[in-house]
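Colleague: Sharing a model prediction with you, sequence too.
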Amino acid sequence: MTDPIYRLPVTVGASSIDILGHVNNREYIRWMEEAATLHAASRGQTFEALKASGRAWVVRQHWIEYLRPALLGDELVVYTWVQSIRRISSLRRYAIMRQNELLTVGATEWVLVDYVRRRPMVIPPDVQEAFQLLPPEAPELSELGISHMVRFAPSVDL
């Protein structure tokens, strides 16, 4: 199987900088969503493929913790992986790093919905099988220096 961790390189540009001189909070969420979308596409789960099968992913909740600021010109890597898949939701994790320095950790609870009805649906086996799940204690994460996870409270019934 392919690497369960997806890597998105990002160079911080001027449009990402806020009035305090560091990356604006909205940029981290944008990078997280972009990494998640590209990771899913790399596993055959493009938006077009999902829509054609009558499905789409929507965000239910985001959690993010800022540990250190990113600055103009920084070369970053956004790491993302799927930690769990439940009946209608999936928990995806993120870490944003500058070289070996952990800057931000995050998580998103994604819910699969029926594209036409816009209602949650059970995640079918083909979608589940597209991703290798990676628990927080996985050696692949500690090898990257990702040992800190964002605190969160996912929905208990999804």
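Modeller: That came through fine.
Colleague: Give me the nearest residue to I123, chain neighbours excluded.
Modeller: L112 (5.0 Å; Cβ to Cβ, 6 or more residues apart in numbering). From N, CA and C alone the C-beta is placed, and that goes for glycine too.
Colleague: actually V10, not the one I typed
Modeller: Leaving aside its chain neighbours, V10 sits nearest to L76 (4.5 Å; criterion: Cβ to Cβ, 6+ apart).
Colleague: Let's test this: what are the backbone torsions at the one you found?
Modeller: phi -110, psi 160 (degrees, to the nearest 10).
Colleague: Would you confirm that it contacts R7?
Modeller: No: in this structure L76 lies outside contact range of R7 using Cβ atoms under 8 Å: 10.5 Å.
Colleague: Looking at the two, which is more packed in?
Modeller: Shown here are L76 and R7; by other Cβ atoms under 10 Å, L76 has more neighbours (20 against 14).
Colleague: got a list of what that one touches?
Modeller: P9, V10, T11, V12, W31, A70, I96, M97, R98, L103 (Cβ atoms under 8 Å, 6 or more residues apart in numbering).
Colleague: Helices of the chain, start to end?
Modeller: 25-42, 47-52, 125-128, 139-144 (DSSP state H).
Colleague: Nearest to R117 among those would be which one?
Modeller: Nearest to R117 among the helices of the chain is helix 47-52 (13.3 Å), distances taken as Cβ to Cβ.
Colleague: residues in contact with the closest one?
Modeller: Residues contacting helix 47-52 (Cβ under 8 Å, 6+ apart): T37, A41, A56, W57, Y115.
Colleague: ok, R119 touching L112?
Modeller: No: applying Cβ under 8 Å as the test, R119 and L112 come out as separate, 10.3 Å apart.
Colleague: Which one of these two is surrounded by more residues?
Modeller: Shown here are R119 and L112; by other Cβ under 10 Å, L112 has more neighbours (23 against 10).
Colleague: How about the more buried one: which residues does it bridge to?
Modeller: Residues in a beta bridge with L112, per DSSP bridges, are W57.
Colleague: Equivalent analysis for I17, please.
Modeller: V23.
Colleague: Okay, now the unreliable bits of this protein?
Modeller: 1, 153-158 (pLDDT under 70).
Colleague: For it, just list every one of the strands.
Modeller: 6-11, 55-66, 75-85, 89-98, 101-114, 119-120 (DSSP state E).
Colleague: So in that sheet, which strands flank the fourth one, and in what orientation?
Modeller: Under the criterion DSSP bridges, strand 89-98 sits next to strand 75-85 (antiparallel), strand 101-114 (antiparallel) in its sheet.
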